[in-house]
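Chemist: Generate coordinates for the sequence data below:
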Amino acid sequence: MNQSWTLRIGAMPTPEQLLPREYACLNGKRVRATLSIAAPYADYDRLLDTYTYEGRPANGMQLDVRPGSEVLTKPHTELNGAVRIFCCLGLTNLAFEERKTPFPDLHVNIDGKDVFLEIAQVRRDAPLHAALRDAQRRVQSTVAGDGALRHRLSRFSIVFGCASMPRQGDMEAFVSSVVEWLRALRSRPKDGPVLDPLLAQHILHVSTFPANADAPVKFALLRNSRIPTDYLDDILDMIGKKTRKQYKGSPLWLGLIAVDDPSAVMLRLRECDVEIGQFERILVTDTQDVLSFEAIT
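Modeler: Residues are numbered from 1 along each chain as shown. Here you go, the predicted structure:
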């Protein structure tokens, strides 16, 4: 569950931006929007020590991954997202339980109040991440089945820093070029750009690290990756998608984790009159700030 902590990105919200603002939804429901500073990371483990999942301590849990990948299973993706949100809020003594459709993802008891919580990540580059995982899976599968290549990569591991990825129809040719590039290595390559023209369209930088038998080759997304849309639109689209669905359970909360450095977007989102639909509360965090849209009773 532990996460690496980075210094704050972007300016701190001003005192005025931390003041609640109220507005009316189209259905007449009154909503209070409140931006707050997330709890400091130093408190993360202390808070997590008070959480349970399906009756077991949440801190130190072995998170399940999908077979043949490094991607968390859906239940643990949801739990990890909920933990981020509630640790950022500074809440303690939470008991999480998994729920199945038509209920939201999780049931959680918060200060004696039962809440049904739907969780989602908002990635402005979700297709790009999916393509990265696909390329990494294909290349690692080839390495695992090629004794000579596996031996060559037993002395170091490689990370390809990518700014974009090929379209699905071009993925096989791209992966083949990556594998041929690896097979052509005669020694540990120097960190730097890739000279192969096909690879250079997508891979801006190659780095080498100590050998990692479990992941000899990785694909990482660089910060200057090709992002086609405004991240604020993606967050609003996700909220719209979730509010159009119907869930059982009451009260309903929605938790969104904005994972792509949206510090400025959080301030813009605060100014939006978000339609919260059937949700009593919508929470959005980038782990630096927490934005709450709460129905006023």
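
Chemist: tell me which element His129 is part of?
Modeler: Secondary structure from DSSP states H and E places His129 in helix 126-144.

Chemist: and that helix, average pLDDT?
Modeler: Average pLDDT, helix 126-144: 85.

Chemist: what element comes up after it heading to the C-terminus?
Modeler: Following helix 126-144 toward the C-terminus (DSSP H and E): helix 147-152.

Chemist: Next, the buried residues of that next one.
Modeler: Judged by neighbour count using 16 or more other Cβ atoms under 10 Å, the buried positions of helix 147-152 are Leu149, Arg152. For every residue, glycine as well, the C-beta is placed using N, CA and C.

Chemist: Equivalent analysis for stretch 116-135, please.
Modeler: 116-125, 128-129, 131-132, 134-135.

Chemist: Please apply the same query to stretch 96-112.
Modeler: Buried residues in stretch 96-112 (16+ other Cβ under 10 Å): Phe96, Arg99, Phe103, Pro104, Asp105, Leu106, His107, Val108, Ile110.

Chemist: Quick check: Met171 vs Asp289, distance?
Modeler: 37 Å (Cβ to Cβ, to the nearest Å).

Chemist: Of the two, which one has the most company?
Modeler: Asp289 (25 against 15; other Cβ atoms under 10 Å).

Chemist: Does the more buried one touch Ile37 like I think?
Modeler: Yes: with contact defined as Cβ atoms under 8 Å, Asp289 counts as touching Ile37 (6.1 Å).

Chemist: any common contacting residues for those two?
Modeler: The contact sets of Asp289 and Ile37 overlap at Pro13 (Cβ atoms under 8 Å, 6 or more residues apart in numbering).

Chemist: Could you work out the most separated pair of the buried residues of stretch 96-112?
Modeler: Spanning the widest gap among the buried residues of stretch 96-112 are Phe103 and Ile110, at 16.5 Å by Cβ to Cβ.

Chemist: count of neighbours near Glu271?
Modeler: 11.

Chemist: whoops, Val115 was the one
Modeler: Using other Cβ under 10 Å, Val115 has 20 neighbouring residues.
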